[in-house]
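**Student:** I would like to see how this sequence folds:
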Amino acid sequence: MEKSWKKYVYLFTPLAVGGIVIPFIAKHIDYTSLIKPPFAPPKMIFPIAWTLLYLLMGISYKRLKSHEKFNLTLETVVYYGQLIINAFWPIIFFTLKWRYLACFWIAFLDCLITYMIVLFYKKDKNCAYLNIPYFIWSLFATYLTIGIYTLN
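**Tutor:** Predicted structure coming up:
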């Protein structure tokens, strides 16, 4: 019984972390008033995209945790580390409006995601592949972050 409960925790932790951030940023989001670079999506795309990406992250980590060869070491530290770095980006960008720092913060996140994918790939290729959309979206978010910083 305990194991089935834990698998849901692993699955939904990314969604929970994303949900915890919302009250800290909701009244500070000024995305629509900013000058945005080309290809910037409408505001309504972000919650849809992040929900899907958080679910993929959770599925990936849950699957990785199910392997007998998994031990709670570097993969776990990097996974939760990138999740925490991810959670602080919107606070830095929207609430604090430290957009220059946000450029470096998200670049660091890109590096952590890359490292996480490499680590996951060594244990289970499918776990790594599940995080490719997250990596691509993060690179796109990096483009938007740098674009918004330079244009505003």
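**Student:** for the chain, give me the ranges with low pLDDT.
**Tutor:** Per-residue confidence for the chain (pLDDT under 70) gives these ranges: 1-4, 6-7, 68-72.
**Student:** please redo it, this time with the cut-off set to 80
**Tutor:** 1-7, 67-72 (pLDDT under 80).
**Student:** go through stretch 22-30 and flag the buried ones.
**Tutor:** Neighbour-count burial for stretch 22-30 flags I25, I29 (criterion: 16 or more other Cβ atoms under 10 Å). In short, each C-beta sits where N, CA and C put it, glycine included.
**Student:** residues in contact with that stretch: which ones?
**Tutor:** K43, P90, I91, F94, T95, K97 (Cβ atoms under 8 Å, 6 or more residues apart in numbering).
**Student:** narrow these to just the buried residues.
**Tutor:** P90, I91, F94, T95.
**Student:** out of those, flag the one nearest to Y8.
**Tutor:** Nearest to Y8 among the buried ones among the contacts of stretch 22-30: P90, at 25.0 Å, using Cβ to Cβ.
**Student:** residue contacts, the closest one?
**Tutor:** By Cβ under 8 Å, 6+ apart, the neighbours of P90 are V21, F24, I25.
**Student:** taking those residues one by one, which sit in helices?
**Tutor:** V21, F24, I25 (DSSP state H).
**Student:** for L83, which non-adjacent residue is closest in space?
**Tutor:** Nearest non-adjacent residue to L83, counting by Cβ to Cβ, 6 or more residues apart in numbering: V17, 5.5 Å away.
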